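1. Dropping the sequence and predicted coords here.
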Amino acid sequence: MLRVKAKLILGAVLLCTASWAEAKLSVPSLEELPVLSQEPQHQLACSRTANYFIRAHYKTVEINDRFADNVIDRYLSFLDFNKSLYTQDEADEIHKNRSRILRALNFCDLSYPYEIYNDALRRRFAKYSFFVDFAKAPIDVTTHESLEYDRKDSPYFKSAAELRAQWVAEIKNEYVNQLLNDKSDAEARKRLVRRYEAALSKLAQTNSEDVFSTFENAFASAIDPHTSYLSPVDSESFNEDINLSLEGIGAVLTSEDEYTVINGLMPGSPAELSKKLKAKDKIVGVRQEDGSYDDIIGWRLTDVVKKIKGPKGTKVTLEIERDGSGSGSAKTFAVELTRDKIRLQDREAKGEIKEYQGNKIGVISIKSFYTDLHKDIKREIDKLLKDGIKALVIDLRSNGGGLLPEAIMSTGLFIDEGPVVQVRDAIGNVVPQSDEDVSVAYQGPLVVLINRLSASSSEIMAAALRDYGRALIIGDNSFGKGTVQQNRPLARVYDFSNTELGSIHYTIAKFYRITGGSTQLKGVSPDIAFPPQVDDSEIGESSEPYALPWDKIKPTSYKGYLNIDAYVPDLTSKHQSRAKDDVAFQILREDMQRYLERKAKKVLPINLVERRQMKQEDDAFRLKSINLRLEDMGKAPIKALDDLPEDFEFPDALLNEAAAIASDFADAIAIKLYPAEDTPIFTRFSLSSSNPQSDELLHDTKLQIGAN
């Protein structure tokens, strides 16, 4: 199924087994594929979408040849993500017809986008049919061929023969993956035939809304990555998510080429609590409680959602493919989840105490910025203070954002009053968003722990606490989402027709630190960096095409606390002394280095012997790493990877080191200041001259922000 790279939130996860339901598939012929055309409601939806994108978006949008080329690039990426359907000449020919794309953008004549889509539908039919025929015959994996497995940034192939060679490499690679996951030759080929017959069947179910949605999202994403069109069906799902009424597994899904990919996990959801899923995992199959199974490669994202969503208390099993080494060699495994009501409040902030060299260090983990979060943080702070903590760590790792007012009020718990973030709208009005509560819940040494998946509200809080000199920032560079989106239905109250028109999500404002720099693109940089756990080139705002640029405005007036920079060198030296001998940190560094080295090669052998050797090396590395950590814990080693219990969890080495740094920070402050017991540790001083700002309010007083 040809799909836009849309994002939908679910509540489910999956399981993989060697068997599946044997329901007879209806495989269409080429002649039975639909020939799709623009429907009447699309003219109105198109014109209203364009009106908002061009006139109300934060970014100035000029519809010209250059922009049309960007739209074509996005459209082709949705239709041919891995560049295995079109040759370079064929892609160039589409670009030569940019005048027809401009006509689609300016006048909503979508005849050419539909023409491209219909042609791509038939190209994909040819590819899947080739896969089916190829898998029915014996497959030779003794030759020394290779597969360029990630082609999204590569040029198109020059000829049809090169395209066909890529198809052969792709299906051989899938066959090898099946064998490496303990399938017999017969089982592997039968599974692949079934998979692509199912994909062919889904192609015949493509409808006009699929085309319209894909093109409108090409238009939207050529402006910025957080602007999108939502079909009527997707709009309904979005409203369910906003109202927190969704029952399922709590995963954010995207489409990439034939695959449904997990983009993120909702805090407190079955998917997150399983501890078995992570970003970039591919869902390739879904099994229900009654045993029925669907291989979902090639499926429309909304159809996948329907299979995974379901009533609270029911079970769903997802079959996952994961590239664990950067080699493109996937391992498959099954995850069974029990669907549940997904509510952000279900994962409220929680405090705990860690000890380092006699100091009690409080830790508060915050997974999202939900309603009344600041009250929960205040409650946990009060508990920790009664236990006599010397410092506090705020853990914002993998916190994708949430409600802006909660970011303001939560930050306000650590400062007496003042601006937290500046928001600039599309016409240049800048409005500081301030904490007006002079009370302070915690005045002691503060450390904020972030990672690459800390976004939006997380970045606002971390940046403000750092700019005030109130907190030391540690971890990985944050996501870099510094924009505000608004959702708006396309239907209007005075419309005479009852036709569903869907909705749009578009950027209306941008966030800036109180020092003037944007959190957009660059994110928040740590004072002390930990080994990254994800590849920054794959995850984060900087990895998104057409992301809005970083810029800066005038700083606003505020009063700061400590000069954090003065403490960083000594704290960094002590951290590095610990980290160089820490087993977990060593493994993290080696694992990422190994991943990047494999990824840099961009090609994968499809010789079975070579691939088995690679798998053995990967398994040996994982087993060695596990046993090193077990030894560090004083536990006996395991002999095989399967010997490690599924529910076993290693200590959180990064959080433990954060507590150690916080302890060092507390000691350093005590040595410098020798404060009296009843005296606040931090003295305020002016950091910026006055900068009068507009008192005008933004369009939407209930801004909700997040990474996705």
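-> On my side now, so go ahead. What you see is a predicted model, and the numbers here were worked out from it, not measured in a lab.

2. Please look at residue 426 and residue 486 and confirm they touch.
-> No: contact criterion CB atoms under 8 Å: residue 426 and residue 486 do not qualify, at 10.7 Å. The way it works is simple: take the backbone N, C-alpha and C, and place the C-beta from them, glycine included.

3. list residues touching both of these two?
-> Common contact partners of residue 426 and residue 486 (CB atoms under 8 Å, 6 or more residues apart in numbering): residue 508.

4. low-confidence ranges in this structure?
-> 1-25, 237-247, 257, 324-330, 342-347, 496-498, 672-708 (pLDDT under 70).

5. And what about the one residue sitting closest to the centre of it, helix, strand or coil?
-> Taking CA atoms, centre = their mean, the centroid of the chain lies closest to residue 263, which sits 3.9 Å from it. Residue 263 falls in the strand class when you classify it by DSSP: H, G, I helix; E, B strand; the rest coil.

6. What separation do you get for it and residue 91?
-> Distance of residue 263 to residue 91, computed by CB to CB, to the nearest Å: 27 Å.

7. Equivalent analysis for residue 45, please.
-> Taking CB to CB, one finds residue 45 at 28 Å from residue 91.

8. the more surrounded of the two?
-> For residue 45 versus residue 91, neighbours defined as other CB atoms under 10 Å are more numerous around residue 45 (26 against 18).

9. So the closest residue to the more buried one other than its chain neighbours, which state does it fall into?
-> Once flanking residues are discounted, residue 45 sits nearest to residue 501: 4.6 Å by CB to CB, 6 or more residues apart in numbering. At residue 501 the chain is in coil, as set by three-state DSSP.

10. residues contacting residue 501?
-> For residue 501, the contact set (CB under 8 Å, 6+ apart) comprises 41, 44, 45, 48, 232, 489, 490, 491, 495.

11. Distance of it relative to residue 490?
-> Applying CB to CB, the value for residue 501 to residue 490 is 4 Å.

12. Overlap of the contact sets of these two?
-> With contacts defined as CB under 8 Å, 6+ apart, the residues shared by residue 501 and residue 490 are 44, 45, 48.

13. In this structure the last one contacts residue 488, no?
-> No: under the criterion of CB under 8 Å, residue 48 lies out of contact with residue 488, with a separation of 9.2 Å.

14. Between the two, tell me which one has more neighbours.
-> Remark: of residue 48 and residue 488, residue 48 carries more neighbours, 19 against 14, as counted by other CB under 10 Å.

15. After whichever strand or helix holds residue 334, which helix or strand is next?
-> Here residue 334 sits within strand 330-338, counting by DSSP states H and E. Per DSSP H and E, the first helix or strand lying C-terminal to strand 330-338 is strand 340-341.

16. which neighbours does that next one have in its sheet, and in what orientation?
-> Strand 340-341 pairs in its sheet with strand 247-248 (antiparallel), by DSSP bridges.

17. how near is the nearest residue to residue 517 once chain neighbours are set aside to residue 482?
-> Counting by CB to CB, 6+ apart, residue 552 is the residue found nearest to residue 517 once chain neighbours are left out, at 4.6 Å. Here residue 552 is placed at a distance of 11 Å from residue 482 (CB to CB).

18. Would you mind telling me which of these two has more residues around it?
-> Per other CB under 10 Å, whichever of residue 552 and residue 482 has more neighbours is residue 482, with 30 against 11.

19. The closest residue to that one other than its chain neighbours - how many residues pack around it?
-> The shortest distance from residue 482 to any non-neighbouring residue, by CB to CB, 6+ apart, is to residue 520 (3.1 Å). By other CB under 10 Å, the residues close to residue 520 number 22.

20. Also residue 201?
-> Neighbour number of residue 201 under other CB under 10 Å is 17.

21. I'd assumed residue 26 was in contact with it.
-> Yes: using CB under 8 Å, residue 201 is in contact with residue 26, at 5.7 Å.

22. What are the buried residues along stretch 110-122?
-> For stretch 110-122, the neighbour count (16 or more other CB atoms under 10 Å) marks 110, 112, 113, 114, 115, 116, 117, 118, 120, 121 as buried.

23. Need the contact partners of that stretch.
-> 2, 30, 33-38, 42, 46, 75, 79-80, 85, 94, 97, 100-101, 103-104, 203, 206, 208, 210-212, 214-215.

24. Just the buried ones from those residues, in ChimeraX syntax?
-> Remark: buried members of the contacts of stretch 110-122, expressed as a ChimeraX selection using 16+ other CB under 10 Å:
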select :2,33,34,36,38,42,46,75,79,80,85,94,100,101,103,104,203,206,208,210,211,212,214,215
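
25. mind listing the helices in the stretch 201-350 of the chain by residue range?
-> 208-221, 232-242, 270-273, 301-308 (DSSP state H, counting those that start in this stretch).

26. mind putting those helices in CSV, distance to residue 597 included?
-> As requested, the helices of the stretch 201-350 of the chain are exported to CSV (distance: least, CB to CB, whole Å):
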stretch, distance to residue 597
helix 208-221, 31
helix 232-242, 39
helix 270-273, 30
helix 301-308, 33
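
27. out of the ones you listed, nearest to residue 577?
-> helix 270-273 (33.9 Å; CB to CB).

28. CA atoms only for that closest one - export them in PDB, please.
-> Extracted C-alpha coordinates of helix 270-273, given in PDB (Å, rounded to 0.1, in the frame of the first residue of the first chain):
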ATOM      1  CA  PRO A 270       1.400  -1.300  27.800                       C
ATOM      2  CA  ALA A 271       4.000  -0.800  25.000                       C
ATOM      3  CA  GLU A 272       6.300   1.200  27.300                       C
ATOM      4  CA  LEU A 273       5.800  -0.900  30.400                       C
END
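
29. any idea how far that helix is from the chain center?
-> The chain centre lies 15 Å from the centre of helix 270-273; the measure is CA atoms, centre = their mean, to the nearest Å.

30. That one packs against which elements?
-> Other elements packing on helix 270-273 under the criterion 3 or more CB pairs under 8 Å, 6 or more residues apart in numbering; DSSP states H and E are strand 259-265, strand 330-338.

31. ranking those strands by burial, who's on top?
-> Across the helices and strands packed on helix 270-273, the average number of neighbours (mean count of other CB atoms under 10 Å) peaks for strand 259-265, which reaches a mean of 23.

32. contacts for that strand?
-> By CB under 8 Å, 6+ apart, strand 259-265 touches 7, 250-255, 271-272, 277-284, 296-297, 299, 301, 304, 398, 400, 453, 707-708.
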